[in-house]
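Undergrad: Sharing a sequence plus its predicted fold:
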Amino acid sequence: MHFFVYGRDRAGALGLKMKLTEEHWAFLDPYADRIIARGPTLDDDGDPTGSLHIADLPDVAAAREFTYAEPYYLGGVFESVQLCRWVNLLGRTMPTRPGFLVRTSGSTPITAKHLFAYGDLFALDGAAHLGRAALLEAPSLEAAIRSAPPGAIVQPWQPGGRR
């Protein structure tokens, strides 16, 4: 079962996030073979604004543990966290190039040409369709926005993990 987890950083949390990065990576090490995609969203200066993880986990309880026992969450880095089921429509795994995270709340498809990952978002019980999420390649933020459906949230993203 795949899960989409996006933690949006609270204002002023960059120093705390940097302090907790090694703990964050150590927490994720046992999940390495189950990560479909991971990495930070970025602002215009390249500083992190959030943390994305798409993971293959056995059930909702494991997804909650993955999300809420994570050091950034426990340390207070996140302003909000989105946890939902994710249906992988491409079957691809971890991109190796930077791109853009695109999230929608509707059912309009994301039809960009160069998708690394793409899937439907559902409530944890699988009943309600909550939108779509994709990682896409584009030459610029403006090009990514043009590729996205109206009203989509588009953010620069880069692959994460130990460096």
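TA: Yes, it's here.
Undergrad: which residues are in contact with stretch 70-87?
TA: For stretch 70-87, contacts defined as C-beta atoms under 8 Å, 6 or more residues apart in numbering pick out 1-11, 13, 16-17, 19-20, 23-24, 27-28, 50-51, 54, 63-64, 67-68, 119-124, 126, 130, 133. To be clear about C-beta, it is placed using only N, CA and C from the backbone, and glycine gets the same treatment.
Undergrad: Quick one: end-to-end length of stretch 37-55, please.
TA: Distance between the two ends of stretch 37-55: 7 Å, counting by C-alpha to C-alpha, to the nearest Å.
Undergrad: buried stuff in it?
TA: Residues of stretch 37-55 classed as buried by neighbour count (16 or more other C-beta atoms under 10 Å): 37-42, 48-55.
Undergrad: tell me which of the residues you listed is nearest to Gln155?
TA: Among the buried residues of stretch 37-55, Thr41 lies closest to Gln155 (C-beta to C-beta), at 4.1 Å.
Undergrad: Give me the mean pLDDT for the helix or strand that contains the closest one.
TA: Using DSSP states H and E, Thr41 maps to strand 35-42. Averaging pLDDT along strand 35-42 yields 94.
Undergrad: Parallel or antiparallel, which strands does the next helix or strand after it pair with?
TA: Going down the chain from strand 35-42, the next helix or strand is strand 48-56, by DSSP H and E. Within its sheet, and counting by DSSP bridges, strand 48-56 is paired with strand 2-9 (antiparallel), strand 35-42 (antiparallel).
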